[in-house]
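Colleague: Next comes the sequence, and after it the predicted model I'd like to discuss.
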Amino acid sequence: MQAGRTPSGGRAVVAARYDGTEPNTDEIRALAGTAGYDVVERVTQRGREDGTYGLGRGKAEELADVAADFDATVVVFDGGLTPGQYGSLVELLPDGVALLDRYRLVLDVFAEGAGSRVAALQVERATLAYELPRLRQTAEESLLNRATEKGSPVLDLERRIDAIDRELDDVRDAAAERRAERRDEGFDLVALAGYTNAGKSTLLHRLADDLSVADHEPTHADLDGTAEVADRLFETLETTTRRATLRGRRTLLADTVGLVDDLPHDLVRSFSGTLGEIGDADAVLAVVDASVDPEALRRRASVAMDVVDDEAEGTVIPVLNKADRVDDEALAERRELVRELATTVHGPVAASALGGEGVDDLRAAVADSLPTERIEFVLPNDGRTQSLLSDLYERGDVEATYEGETVRVELAGRPSVVEEAKRRAEELAAPGGSGESWEQDR
Ligand SMILES: Nc1nc2c(ncn2[C@@H]2O[C@H](COP(=O)(O)OP(=O)(O)OP(=O)(O)O)[C@@H](O)[C@H]2O)c(=O)[nH]1
Ligand SMILES: [Mg+2]
């Protein structure tokens, strides 16, 4: 069966199976809502997975009855269904009732929101990756298909995935190249990563220098305008970059696509831009929504940490966002939870991206975690030194002390910036330069 576009909108019955804990269908309901469905009923079961239907046979029949009673358009299954389970379950459902598993539902949400070519390609790749094993199974069942393997739909699909991967690779390489250039210019790179709806885009706005779109420099094509913020899952479907000055450090902040539980890694891989931003960052803010219940927090934080741990090379700073929505006791409990989950050395920083509380601490934590070198030199108090200083104020943390004819300059910043400053200071101090000595320190 090839999963085509499913009807968007209409009545949905949510079906869910849980191994142990209390069934919680909040997230799947939110996902269904985001995809445009009105959730009218839920059918849940506690117990082991059923090989044929996902749910036990009795439960599956009950689900079919409920779907008929509520005149449902669609049944949303909270989890993944194998092609076989999908086939058996859809057969039990009343005619015309579509079946969506969690992955398919997320793909629909993505497809709905994909505005740009890159976002559309990423969504298409994820959709094809979902369809491929299903198509393979159908093809295996059909001798005819096997006999004409050369021109088979399976091969076509594989080719399309390869073509998309090549195009996305080019996009990713270009982005990586741009990041390398920005680094050479002295920028530090910081990525915001985390579960969908954690508040990454809101935090990006909070930290960014220019809150209005009009302010950003048109010459920097990679610095986009606003990152969309909404209480909607998967609001952001592409990476967005903004400038932020964190304690004198010029950084580029990258917003990334949100993660979600229970999806094959293929889907995450389809959003390779997100992985590139996380991988290349000097620091990664792993944003967690502190306002959800501890069980959901544990689950979501571990999904985010898994991906971040796999990809990040820089320092990972867990951020307990939406701290304004929980009291001190709950915040302390969640802080402990995240501390346990995070394999990073950096302790969680609590903040409210919306209200601004804790954001200064976060700025300081990021600045402290960026690769830093310090240098101190003494230069003649003249025009050339002033010109060097005005450049350095833009690129690092500078303290200048005027001592009569000379200026004592203390600089902390990106190693490459410090290296360059050292070179220029040496020139000023070299024979034919201003003749003063410089010294390196600390
Ligand atoms: N109370 C409160 N709400 C917040 C805070 N930060 C974000 N929100 C809200 O949470 C919702 C999601 O915020 P976004 O910034 O869009 O979240 P995101 O992580 O970018 O989400 P995706 O792009 O969908 O992955 C919005 O309604 C925000 O207004 C916060 O610190 N406190
Ligand atoms: Mg976002």
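Modeller: Thanks, I have the structure now. Ligands and ions are numbered 1, 2, ... in the order given.
Colleague: Mind jotting down where the helices sit in the stretch 201-350 of the chain?
Modeller: Using DSSP state H, counting those that start in this stretch, the helices of the stretch 201-350 of the chain run over 265-270, 272-280, 294-311, 328-341.
Colleague: Could you check the angle the second one makes with helix 294-311?
Modeller: Right, helix 272-280. 80 degrees (axes from the mean of the first three to the mean of the last three C-alpha atoms, to 10 degrees).
Colleague: and the helices of the stretch 201-350 of the chain, which one is worst for confidence?
Modeller: Lowest mean pLDDT within the helices of the stretch 201-350 of the chain: helix 265-270, a mean of 70.
Colleague: one step back: which of the helices of the stretch 201-350 of the chain has the highest mean neighbour count?
Modeller: The highest mean neighbour count among those, using mean count of other C-beta atoms under 10 Å, belongs to helix 272-280: a mean of 23. In this view, the C-beta of every residue, glycine as well, is placed from N, C-alpha and C.
Colleague: Please enumerate residues in contact with that one?
Modeller: 118, 122, 168-169, 171-172, 175-176, 179, 189, 191, 193, 238-239, 254, 256-257, 268-269, 284, 307-308, 311-313 (C-beta atoms under 8 Å, 6 or more residues apart in numbering).
Colleague: burial measure for His346, as a count.
Modeller: Residues near His346, counting by other C-beta atoms under 10 Å, number 18.
Colleague: For it, what are phi and psi?
Modeller: Phi and psi for His346, reported as degrees, to the nearest 10, are phi -80, psi 130.
Colleague: circling back to that earlier point, in strands only, show me the contacts of helix 272-280.
Modeller: Among these, the members found in strands (DSSP state E) are Leu189, Ala191, Ala193, Ala254, Val284.
Colleague: returning to what we had before: buried subset of the contacts of helix 272-280, written for ChimeraX?
Modeller: The ChimeraX selection below is limited to those of the contacts of helix 272-280 classed as buried (16 or more other C-beta atoms under 10 Å):
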select :118,122,168,171,172,175,179,189,191,193,238,239,254,256,257,268,269,284,307,308,311,312
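Colleague: Spell out which parts of the stretch 251-400 of the chain neighbour ligand 1.
Modeller: Where the stretch 251-400 of the chain comes near ligand 1, counting by C-beta under 6 Å from any ligand atom, the residues are Gly258, Asn321, Lys322, Asp324, Arg325, Ser352, Ala353, Leu354.
Colleague: in the stretch 151-300 of the chain, what residue is nearest ligand 1?
Modeller: Going by C-beta to the nearest ligand atom, ligand 1 is nearest to Gly258 of the stretch 151-300 of the chain, at 2.4 Å.
Colleague: still on that earlier bit, among the ones in strands among the contacts of helix 272-280, give me the pair with the biggest separation.
Modeller: Greatest spacing in the ones in strands among the contacts of helix 272-280, by C-beta to C-beta: Leu189 and Ala193 (12.6 Å).
Colleague: hmm, back to that, tell me which two in the residues of the stretch 251-400 of the chain next to ligand 1 are the farthest apart.
Modeller: Using C-beta to C-beta, those span at most 20.2 Å, a distance reached by Gly258 and Asp324.
Colleague: out of those two, which sits in the busier spot?
Modeller: More crowded of Gly258 and Asp324, by other C-beta under 10 Å: Gly258, with 23 against 17.
Colleague: from what I can see that one touches Leu192, true?
Modeller: No - using C-beta atoms under 8 Å, Gly258 makes no contact with Leu192, being 10.1 Å away.
Colleague: shared neighbours, these two?
Modeller: Lys200.
Colleague: quick one: average pLDDT of stretch 369-376?
Modeller: The average pLDDT within stretch 369-376 is 93.
Colleague: okay, how far is it across it, tip to tip?
Modeller: 21 Å (C-alpha to C-alpha, to the nearest Å).
Colleague: hang on, the earlier thing: looking at the helices of the stretch 201-350 of the chain, spot the one closest to Pro94.
Modeller: Of the helices of the stretch 201-350 of the chain, nearest to Pro94 by C-beta to C-beta is helix 265-270, at 29.8 Å.
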